[in-house]
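**Student:** Kindly return the folded structure for what I paste below:
(chains A, B, C and D)
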2 protein chains.
Amino acid sequence: MVQKKNRPTVAAKPEVAAGPKRRGRPRAYAPDVAIGQALALFRKGGFAATSLDELSQVTGMNRPSLYGAFGDKRALYIKSYQRYREDYTVKVLEIFKADIDIRERLRRFYDAALDIYTTGDTAPRGCFAVMTVASDAIADPEISALMRENFVELDDAFSWCFRTAVTRGELPETIDIPTLSQLASATLNMLSIRSRAGVPRAELEAFVQKAVGLLCQSPA
Amino acid sequence: MVQKKNRPTVAAKPEVAAGPKRRGRPRAYAPDVAIGQALALFRKGGFAATSLDELSQVTGMNRPSLYGAFGDKRALYIKSYQRYREDYTVKVLEIFKADIDIRERLRRFYDAALDIYTTGDTAPRGCFAVMTVASDAIADPEISALMRENFVELDDAFSWCFRTAVTRGELPETIDIPTLSQLASATLNMLSIRSRAGVPRAELEAFVQKAVGLLCQSPA
DNA sequence: TGATTTTCGTACCGTCTCGCATAATATAAA
DNA sequence: TTTATATTATGCGAGACGGTACGAAAATCA
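**Tutor:** Below is the predicted model of the structure:
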């Protein structure tokens, strides 16, 4: 189902953080960088299809180091997810700070999402949370709870957008904020899935343009 | 990540189809039944996390029989997907035949989807197509094309619903059918993901109720 | 310099993976 | 009964899997 023949002989850069002089042999890797590389690999194939050998290769860490630094595969997966979440949270907060109207805000939101979803060295990767839910990893109660949390947070983010729009007088007070927010989340899910399925970004952007118009039209 | 210790000692029922007297030893399984069982297992864990041993157990077929009947794991996966598609197509066509208005039709559509998404011996399974896209299987060009096809077909189904509604005078001719259809597909994706993540069906049904109202309101 | 601490890197364990070779079994046809 | 056919059942094999034991290496500290 997936080729595993490459041997890139990657070597992670040594730690840059000038610190309080750690005692033993210095690490040959930067934990942050390694997590980022692991995340990229997990986003490609998901939990089950990603082997420790591959993770070892892309991070440049050998398996024992990987284990010592992050724990087992599951722990590394969760840490990767947390990194993913932190990364896009930064982008979302940026969009929240901007002084723009609801339509522009939603457009930027979806554009930022498409930036994330369409990255990938070979093909678009979609949303890590959606991938996780759609995998066997969802059988794990802790991971399952994490994912539900993620979706609620997303709904809340959209709710904030719509609420702010009402406050600013851009939308009437009669709008159904919870439903609109979940519909906005649904749109995000759809973008994630279709981008990963190979639908061209331009096509998805065109849809976003029209969908935002529909979501932001005043109710009759 | 997933337990694999059960040994149910399942035995598939022998072929019932009275036919033209096949020549050799009769099959101990019904291919249709076996595919259904394989589908159920694939829907649980996805492609990578589902082993041939497990498939062998749930179908009651030993691995060589499995291989002889359906080909390798990938072929069996594709056949399972086709079965999945046929199963829900039957339900969709039934909803299409009914003489009902757009809101009721969409509600039934989503209810039928939730029936599928929430089935599963231990937990809800979500949508098989979404699972496939979110897995490493999407790297396979044939499977990838199959999935895009699936999404277009879904959009078309919703388009038919909205077009019919306009014809029946339930919605104005000014509505944006393509966008509404994709938004309806997005809602379906969201239901798939959240059901698999463990969000209670009642909660999702409440959302459907309101979402249908929003999708079917006349544009201002 | 020598002791201590931390990490690296090789090599390995037991298990599971997919796929298949081979033989036994059960039916229909001759 | 014999032959041909089609399936079942056992089980092997080469490799990949997640995880770890152990000693070498590289730094600080005394």
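**Student:** Show me what from chain A comes close to DNA strand D.
**Tutor:** With CB under 7 Å from any atom of the strand as the criterion, chain A meets DNA strand D at residues A:4, A:21-26, A:50-54, A:63-64, A:67, A:72-74. Every residue, glycine included, has its C-beta placed from N, CA and C.
**Student:** measure the nearest residue to A:Ile100 once chain neighbours are set aside to DNA strand D for me?
**Tutor:** Counting by CB to CB, 6 or more residues apart in numbering or on different chains, the nearest residue to A:Ile100 once its immediate chain neighbours are dropped is A:Arg108, at 7.3 Å. To DNA strand D, A:Arg108 is 37 Å away according to CB to the nearest atom of the strand, to the nearest Å.
**Student:** Now the phi/psi pair for A:Arg108, please.
**Tutor:** phi -70, psi -40 (degrees, to the nearest 10).
**Student:** remind me, longest helix of chain A?
**Tutor:** helix A:141-167 (DSSP state H).
**Student:** Help me see whether it makes contact with chain B, please.
**Tutor:** Yes. Using CB under 8 Å from any CB of the partner chain as the criterion, contacts between helix A:141-167 and chain B involve A:144, A:147-148, A:151.
**Student:** and that helix, what does it pack onto?
**Tutor:** In this structure, helix A:141-167 makes packing contacts with helix A:73-97, helix A:102-117, helix A:128-133, helix A:177-196, helix B:177-196, judged by 3 or more CB pairs under 8 Å, 6 or more residues apart in numbering or on different chains; DSSP states H and E.
**Student:** Taking helix A:102-117 as reference, get the angle to it.
**Tutor:** 150 degrees (axes from the mean of the first three to the mean of the last three CA atoms, to 10 degrees).
**Student:** tell me the mean pLDDT for helix A:141-167?
**Tutor:** Here helix A:141-167 scores 97 as its mean pLDDT.
**Student:** Looking only at it, what residues are buried by neighbour count?
**Tutor:** Buried residues in helix A:141-167, defined by neighbour count with 16 or more other CB atoms under 10 Å in any protein chain shown: A:143-144, A:146-148, A:150-151, A:154-155, A:157-159, A:161-162, A:165.
**Student:** And stretch A:170-184, by the same measure?
**Tutor:** Under 16+ other CB under 10 Å, the buried positions of stretch A:170-184 are A:171, A:175, A:177, A:179-184.
**Student:** these two touch, right, A:Ala34 and A:Asn62?
**Tutor:** No. With contact taken as CB atoms under 8 Å, A:Ala34 and A:Asn62 are classed as non-touching, separated by 11.7 Å.
**Student:** Spit out the contact partners of A:Leu154.
**Tutor:** By CB atoms under 8 Å, 6 or more residues apart in numbering or on different chains, the contact set of A:Leu154 is A:185, A:188.
**Student:** just for chain A, where's the confidence low?
**Tutor:** Counting by pLDDT under 70, the low-confidence segments of chain A come to A:1-20, A:218-220.
**Student:** What parts of it come near DNA strand C?
**Tutor:** By CB under 7 Å from any atom of the strand, the residues of chain A that approach DNA strand C are A:22-29, A:61-65, A:68-69.
**Student:** hmm, 10 Å instead?
**Tutor:** The interface of chain A toward DNA strand C, taken as CB under 10 Å from any atom of the strand, is made up of A:1, A:11-12, A:14-15, A:22-31, A:34, A:48, A:52-53, A:56, A:59-69.
**Student:** Okay, buried residues for stretch A:54-65 please.
**Tutor:** Of the residues in stretch A:54-65, those buried by neighbour count under the rule 16+ other CB under 10 Å are A:54-61, A:65.
**Student:** I'd like the residues you listed as TSV, with secondary structure appended.
**Tutor:** TSV is the format used below for the buried residues of stretch A:54-65 (DSSP: H, G, I helix; E, B strand; the rest coil):
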residue	secondary structure
A:Glu54	helix
A:Leu55	helix
A:Ser56	helix
A:Gln57	helix
A:Val58	helix
A:Thr59	helix
A:Gly60	coil
A:Met61	coil
A:Ser65	helix
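**Student:** Quick one: classify whichever residue of chain A sits closest to DNA strand C as helix, strand or coil.
**Tutor:** Of chain A, the residue with the smallest distance to DNA strand C, taken as CB to the nearest atom of the strand, is A:Gly24 at 1.9 Å. At A:Gly24 the chain is in coil, as set by three-state DSSP.
**Student:** residues in contact with A:Lys44?
**Tutor:** Shown in contact with A:Lys44 (CB under 8 Å, 6+ apart): A:50, A:120, A:122, A:125, B:136.
**Student:** residues near the first one, how many?
**Tutor:** The number of residues packed around A:Thr50, counting by other CB atoms under 10 Å in any protein chain shown, is 24.
**Student:** The second one too?
**Tutor:** Counted with other CB under 10 Å, the burial measure for A:Gly120 works out to 15 neighbours.
**Student:** Please list all residues in contact with it.
**Tutor:** If you count contacts by CB under 8 Å, 6+ apart, A:Gly120 has them with A:40, A:43-44.
**Student:** Looking at those, which is nearest B:Phe207?
**Tutor:** Closest approach between those and B:Phe207, by CB to CB: A:Arg43, at 27.8 Å.
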